[in-house]
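Enquirer: After the sequence you'll find the predicted model.
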Amino acid sequence: MNINQARKNSIDNQIRPWGGLDYIANNALRDTPREFFVPEKYKDLAFADIEIPLTDKAKMLSPKIEGRILDALKIKKNETVLEVGTGSGYLTAVLSKLCKSVTSIEINEELSVSAQQKFKELNINNITTEIGDASKGWQRSTDFFDVVIIGTSVPKITGRFFHLLNVGGRIFVVEGSGKAMSAKVITRLSEHKWETKSLFETQLSVMLGLEKTAKFEF
């Protein structure tokens, strides 16, 4: 496989046609070695338009979803980002090229440790990783962010995520259950005012810890 051509094809044939048009974000996607983060047995599918399994419950997002997320958030170099779900670490590494710093939370310790090792090998030094269960809420007393990205679906977004944002901050989330899930960007306009923009319909795995909520929500 010609890696450079595969990267270009992923941008041109998947990400851009699906609305991932941000030039700076697409350069970051192109310049981050996605294949380095893909499990060995799926290397040949590194740039396929699929979610790649990481564990029996965790998956890498497809390239077109990653591109659309970044296009919608328009992350700036001076901003701080909280990522809920480190996963393979690929999107985390991409984010590190676009912002001041990334804090990434992962419930699976093995995935978190693996991602940390990859960041080290790539000499990325503006990522902080945490092992924890975001379904129960997460915040250190003084930490607020300009961007929050939730890499799984949630039955309903709650205040525990809203109030992690600085004023002017944006949160990406896929909200809903079953086949009725909608990707949204929620912007904090002021201390008590929020704006929600629906982006597209999709389906993602439910955040671990919220599966029962999703099952019984009608």
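Expert: Good, I have the coordinates.

Enquirer: residue boundaries of the strands in the protein?
Expert: 52-53, 59-60, 80-84, 101-106, 127-131, 145-154, 165-177, 180-190, 193-201 (DSSP state E).

Enquirer: Can you tell me which residue sits nearest the middle of the chain?
Expert: Taking Cα atoms, centre = their mean, the centroid of the chain lies closest to G151, which sits 4.2 Å from it.

Enquirer: What are the buried residues along the lengthiest helix in the chain?
Expert: Ranked by number of residues, the top helix in the chain under DSSP state H is helix 109-121. Across helix 109-121, burial judged by 16 or more other Cβ atoms under 10 Å covers 111-112, 114-116, 118-119. The way it works is simple: take the backbone N, C-alpha and C, and place the C-beta from them, glycine included.

Enquirer: Would you mind giving the residues you listed as CSV with pLDDT added?
Expert: Formatted as CSV, the buried residues of helix 109-121 follow (pLDDT from 0 to 100):
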residue, pLDDT
L111, 98
S112, 98
S114, 98
A115, 98
Q116, 98
K118, 98
F119, 98
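
Enquirer: between these, which is closest to V206?
Expert: L111 (16.9 Å; Cβ to Cβ).

Enquirer: surely the closest one meets T92?
Expert: No. In this structure, L111 is not within contact of T92 by Cβ atoms under 8 Å, at 10.9 Å.

Enquirer: list the residues that contact both of those two?
Expert: By Cβ atoms under 8 Å, 6 or more residues apart in numbering, L111 and T92 have these common neighbours: T86.

Enquirer: Out of the helices and strands in the protein, which is least certain?
Expert: helix 211-216 (a mean of 53; mean pLDDT, DSSP states H and E).

Enquirer: For the strands of the chain, give me JSON lines that also has distance to I15 and mean pLDDT.
Expert: Output for these, formatted as JSON lines (distance: least, Cβ to Cβ, whole Å; pLDDT from 0 to 100):
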{"stretch": "strand 52-53", "distance to I15": "16", "mean pLDDT": "96"}
{"stretch": "strand 59-60", "distance to I15": "14", "mean pLDDT": "96"}
{"stretch": "strand 80-84", "distance to I15": "19", "mean pLDDT": "96"}
{"stretch": "strand 101-106", "distance to I15": "20", "mean pLDDT": "96"}
{"stretch": "strand 127-131", "distance to I15": "22", "mean pLDDT": "96"}
{"stretch": "strand 145-154", "distance to I15": "16", "mean pLDDT": "94"}
{"stretch": "strand 165-177", "distance to I15": "16", "mean pLDDT": "94"}
{"stretch": "strand 180-190", "distance to I15": "15", "mean pLDDT": "94"}
{"stretch": "strand 193-201", "distance to I15": "13", "mean pLDDT": "94"}
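
Enquirer: so can I have a markdown table of the ones you listed showing distance to K43?
Expert: Converted to a markdown table, the strands of the chain look like this (distance: least, Cβ to Cβ, whole Å):
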| stretch | distance to K43 |
| --- | --- |
| strand 52-53 | 10 |
| strand 59-60 | 12 |
| strand 80-84 | 24 |
| strand 101-106 | 22 |
| strand 127-131 | 23 |
| strand 145-154 | 22 |
| strand 165-177 | 27 |
| strand 180-190 | 28 |
| strand 193-201 | 29 |
